[in-house]
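[1] Prediction below, plus the sequence it came from.
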Amino acid sequence: EAGVTQFPSHSVIEKGQTVTLRCDPISGHDNLYWYRRVMGKEIKFLLHFVKESKQDESGMPNNRFLAERTGGTYSTLKVQPAELEDSGVYFCASSRRGSNSPLHFGNGTRLTVT
Amino acid sequence: QQQVKQSPQSLIVQKGGIPIINCAYENTAFDYFPWYQQFPGKGPALLIAIRPDVSEKKEGRFTISFNKSAKQFSLHIMDSQPGDSATYFCAASRNTYGNKLVFGAGTILRVKS
């Protein structure tokens, strides 16, 4: 089966600009997660979708971040306007239904805000 | 507040050595403890996981030791190889919160040939 796909792999934008990250989960995976790793620190949870519904968005830093999962398939994470502290690697992960089903991570999008 | 503390930050061992990475957690409600392995340019991949009802789990050369009373768990890599060089993350989650993982900060392992 194809893995979790993220696009773009890298993005460099200026402060104040908008960036949209995309994630295509593994087919059939209802759960979709966004995580972020800021330089050298732990990977932090951002939010969790079950199909198209936001199950938990407690990790979203602020209202500059907007995540969507239209139709319960792919997801987008938009940052508008971007700030310097938004730089980091954004990971998407998906899993089947059921608690503690293994998470499958994408390769991440490295976002640099200058 | 970091809920899962991981050490060391980096580790260098000779081929054949047994690197040990340690993690400590605070939340006693955690009931699932996975380890992830990440190679440069790739996403984290599940390596091995344990639940608190057992004290040890082995999968190939990888072993998790779990100490519930101390709220600590560790990863041991037997007969380490240069191909094991990667970043390792411990994590924890609560069953009722699905896969909302809380990660440690990661350990960069280098195995010298």
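    Structure's in. What do you need? Numbers count the residues shown, from 1 in each chain, chains lettered A, B, ... in the order given.

[2] Can you name the residues that contact B:Y36?
    Residues counted as contacts of B:Y36 (CB atoms under 8 Å, 6 or more residues apart in numbering or on different chains) are A:105, B:44-47, B:88-91, B:103. (Glycine included, C-beta is placed from N, CA and C.)

[3] Turn those residues into TSV, including pLDDT.
    Formatted as TSV, the contacts of B:Y36 follow (pLDDT from 0 to 100):
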residue	pLDDT
A:F105	96
B:P44	96
B:A45	96
B:L46	94
B:L47	96
B:Y88	98
B:F89	97
B:C90	97
B:A91	95
B:F103	95
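
[4] State the pair within those residues that is farthest apart.
    The largest distance within those, taken as CB to CB, falls between A:F105 and B:C90 and amounts to 15.1 Å.

[5] picking up where we left off before, out of the contacts of B:Y36, which sit inside strands?
    Those of the contacts of B:Y36 mapping onto strands are A:105, B:45-47, B:88-91, B:103, per DSSP state E.

[6] Now list the buried members of the residues you listed.
    Neighbour-count burial (16 or more other CB atoms under 10 Å in any protein chain shown) is assigned, among the ones in strands among the contacts of B:Y36, to A:105, B:47, B:88-91, B:103.

[7] circling back to that earlier point, out of the ones in strands among the contacts of B:Y36, the closest to B:P8 would be?
    Among those, and counting by CB to CB, the member closest to B:P8 is B:Y88, at 10.7 Å.

[8] Spatially nearest residue to the closest one (excluding sequence neighbours)?
    With sequence-adjacent residues excluded and distances taken as CB to CB, 6 or more residues apart in numbering or on different chains, B:Y88 is closest to B:T107, at 4.9 Å.

[9] swap in B:P44?
    Using CB to CB, 6+ apart and skipping the chain neighbours, the partner closest in space to B:P44 is B:Y36 (3.7 Å).

[10] in which helix or strand would I find that neighbour?
    Using DSSP states H and E, B:Y36 sits in strand B:33-38.

[11] ok, that strand: who's next to it in the sheet?
    strand B:45-50 (antiparallel), strand B:86-92 (antiparallel) (DSSP bridges).

[12] mind checking how far that strand is from the chain centre?
    Chain-centre distance of strand B:33-38: 5 Å, with CA atoms, centre = their mean, to the nearest Å.
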